[in-house]
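**Student:** Sequence first, predicted coordinates after that:
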Amino acid sequence: MNNWFLYMIRCKQGRLYTGITTDVERRFAEHTENSKKGSKYLRGKGPLTLIMKKEIGSRGMALKIEAKVKKLSKIEKEMFVNGKIKIKGI
């Protein structure tokens, strides 16, 4: 069983992108290299900065937590990144 991670990337405009993967470094490289495997949302929004990665465990749990994080407001996401709020399951 692979360990899944939740990660967040900051774009040059300050926007936050949230995703899940089993290999954060590989996935971040795909995003920064503008490869076809990278997110379309992030194309042209560089420079990108990996600001957070947290080990979650199972894919199912990672998907649930990712959905919770994506529903947060920008301010709440910033607070989460800075450790000021917690997400249940992490």
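**Tutor:** Arrived safely, thanks for sending.

**Student:** pLDDT weak spots in the chain?
**Tutor:** Residues of the chain that meet the criterion pLDDT under 70 lie in 1.

**Student:** for it, what spans make up the helices?
**Tutor:** 24-32, 59-70, 74-81 (DSSP state H).

**Student:** Next, the contact list for residue 44, please.
**Tutor:** Applying C-beta atoms under 8 Å, 6 or more residues apart in numbering to residue 44 gives the contacts residue 34. The C-beta positions use only the backbone N, C-alpha and C, and glycine is treated the same way.

**Student:** Excluding covalently adjacent residues, which one is nearest to residue 16?
**Tutor:** residue 77 (5.1 Å; C-beta to C-beta, 6 or more residues apart in numbering).

**Student:** Can you lay out the helices of the chain as JSON lines showing mean neighbour count and distance to residue 41?
**Tutor:** Shown next, in JSON lines, are those (neighbours: other C-beta atoms under 10 Å; distance: least, C-beta to C-beta, whole Å):
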{"stretch": "helix 24-32", "mean neighbour count": "17", "distance to residue 41": "9"}
{"stretch": "helix 59-70", "mean neighbour count": "16", "distance to residue 41": "12"}
{"stretch": "helix 74-81", "mean neighbour count": "15", "distance to residue 41": "15"}
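
**Student:** want to throw the ones you listed into CSV with distance to residue 44?
**Tutor:** Listed next are these as CSV, based on distance: least, C-beta to C-beta, whole Å:
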stretch, distance to residue 44
helix 24-32, 12
helix 59-70, 21
helix 74-81, 20
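
**Student:** Done for today, thanks.
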